[in-house]
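*Asks:* for reference, the sequence and a predicted model appear below.
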Amino acid sequence: FEGVGASREAIFSGGLTFHEKVLSYDDEKQMTFSIKAYPHEIPSTTLDEHVVIGGDFFDVLDGTYELQKINNYTYRLHLYSHFKLTTTFNFYASWWAGWIMKDIQNNILQVIKERAEHE
């Protein structure tokens, strides 16, 4: 099933798992989804010991894929996400959280690119 309400588990190397549910869907244009991570499902060796996704201080909230048509043969896929920090040093933690999210997103986009180009 494609569309609002669809769900999936995104499983990454190291055991990082995101539970995602589609919130909005525009076929071949845009999809927004909620993201839930459960700390007890993520091995402590997956990320730095100070980073617990879905924990008290750092959580990933949602993501959006958008397709941008460049020409009749080329599209660019964008991936955006929102996360929440609740630390007493957000000014510092936000740099690390942004870096972690950028790394995860770049890996996701690379996998999608490779799959799309080899189908």
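*Replies:* Perfect, I can see it now. Residues are numbered from 1 along each chain as shown.

*Asks:* buried residues in the helix or strand Trp95 falls within, which are they?
*Replies:* In this assignment (DSSP states H and E), Trp95 forms part of helix 90-117. Residues 93, 97, 100-101, 104, 108 are the ones in helix 90-117 that count as buried (16 or more other Cβ atoms under 10 Å). All C-beta atoms are positioned from the backbone trio N, CA, C, and that covers glycine.

*Asks:* avg pLDDT for stretch 17-29?
*Replies:* On average, the pLDDT along stretch 17-29 is 93.

*Asks:* tell me how far it lies from the chain's centre.
*Replies:* 11 Å (Cα atoms, centre = their mean, to the nearest Å).

*Asks:* which of the buried residues of helix 90-117 sits closest to Gln30?
*Replies:* Proximity of these to Gln30 (Cβ to Cβ) peaks at Ile108, which lies at 16.0 Å.

*Asks:* sorry, back to before: closest to Ser81 out of the buried residues of helix 90-117?
*Replies:* Nearest to Ser81, judged by Cβ to Cβ, of the buried residues of helix 90-117 is Met101 at 5.9 Å.

*Asks:* list the contacts for the closest one?
*Replies:* 60, 81, 83 (Cβ atoms under 8 Å, 6 or more residues apart in numbering).

*Asks:* reformat these as JSON lines; add secondary structure, distance to Met31 and pLDDT.
*Replies:* Output for these, formatted as JSON lines (DSSP: H, G, I helix; E, B strand; the rest coil; distance: Cβ to Cβ, whole Å; pLDDT from 0 to 100):
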{"residue": "Val60", "secondary structure": "strand", "distance to Met31": "16", "pLDDT": "85"}
{"residue": "Ser81", "secondary structure": "strand", "distance to Met31": "13", "pLDDT": "93"}
{"residue": "Phe83", "secondary structure": "strand", "distance to Met31": "18", "pLDDT": "91"}
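
*Asks:* out of the residues you listed, who has the most neighbours?
*Replies:* When neighbours are taken as other Cβ atoms under 10 Å, the top entry among the contacts of Met101 is Val60 (21 neighbours).

*Asks:* can you show me the strands along the protein?
*Replies:* Taking DSSP state E to define them, one finds strands in the chain at 7-11, 17-26, 30-36, 58-71, 74-85.
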